[in-house]
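Colleague: Test case, fold it:
(2 chains)
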Amino acid sequence: GQQVMQIPQYQHVQEGEDFTTYCNSSTTLSNIQWYKQRPGGHPVFLIQLVKSGEVKKQKRLTFQFGEAKKNSSLHITATQTTDVGTYFCAGPNEKLTFGTGTRLTIIP
Amino acid sequence: NAGVTQTPKFQVLKTGQSMTLQCAQDMNHEYMSWYRQDPGMGLRLIHYSVGAGITDQGEVPNGYNVSRSTTEDFPLRLLSAAPSQTSVYFCASSYFGLTYEQYFGPGTRLTVT
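Modeller: Have a look, this model is predicted:
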């Protein structure tokens, strides 16, 4: 079956440093979504990418979808304490296969 | 709108007991699903439904039953609880549109002893 891996599994950064998580699928995805889960909370939708090579930005967050539509990345510029949580990629469509997640912790 | 609600928030069961996790949404979403989340792992799909009266299996359906008699409700039944079913369970819903954004409930933390 489809597998979605994310690296790194954990990332500890100083506040103000950048952060990147990478997502790789074993199969081509028609679209990919990103979710954020705060500690003790539930996943919250961030964005959906559909087109090959697509880049979308949300304030300090930059999302990319690979040319082959098998990989994606999320980059956060100048992390803040509010960015703490686990970031998941997932896809495709509504019957989601979730990645393993990257847990981000911030050192103030 | 309350969004997606789940009850109970916490539950402890003994091995062999049965119970039903409740999920309801007030957004008139056609699609609903159940996921389980285990430590250090992503969410895994248990069952899903594309509309009232229609359900199907996800990645890890064994030991769970679902039904969808109304658009709003999608309960998950554990038939005979096992320690391997200790997990956090999330219900999610979405409408069929341009995006596949899933709206998640707050989760039920289940412990089976």
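
Colleague: In chain B, which residue sits closest to chain A?
Modeller: Among all residues of chain B, residue B:42 sits closest to chain A, at 3.5 Å; criterion: CB to the nearest CB. To be clear about C-beta, it is placed using only N, CA and C from the backbone, and glycine gets the same treatment.

Colleague: how about the residues of chain B near chain A?
Modeller: Selection of chain B residues close to chain A by CB under 8 Å from any CB of the partner chain yields B:31, B:33, B:35, B:40-45, B:48, B:58-59, B:90, B:92, B:94, B:96, B:99-107.

Colleague: Can you name the residues of chain A sitting close to chain B?
Modeller: Proximity of chain A to chain B, by CB under 8 Å from any CB, involves residues A:1, A:4, A:6, A:9, A:31, A:33, A:35, A:41-45, A:48, A:88, A:90, A:92-101.

Colleague: Mind checking which of the residues of chain B next to chain A are in helices?
Modeller: Among the residues of chain B next to chain A, no member falls in helices (DSSP state H).

Colleague: coming back round to it: was I right about the residue of chain B closest to chain A contacting residue A:91?
Modeller: No. Taking contacts as CB atoms under 8 Å, residue B:42 lies outside contact range of residue A:91: 11.8 Å.

Colleague: Same drill for these two, tell me which one is more crowded.
Modeller: residue A:91 (27 against 23; other CB atoms under 10 Å in any protein chain shown).

Colleague: list the contacts for that one?
Modeller: By CB atoms under 8 Å, 6 or more residues apart in numbering or on different chains, the residues touching residue A:91 are A:4, A:25, A:29, A:30, A:31, A:32, A:33, A:97.
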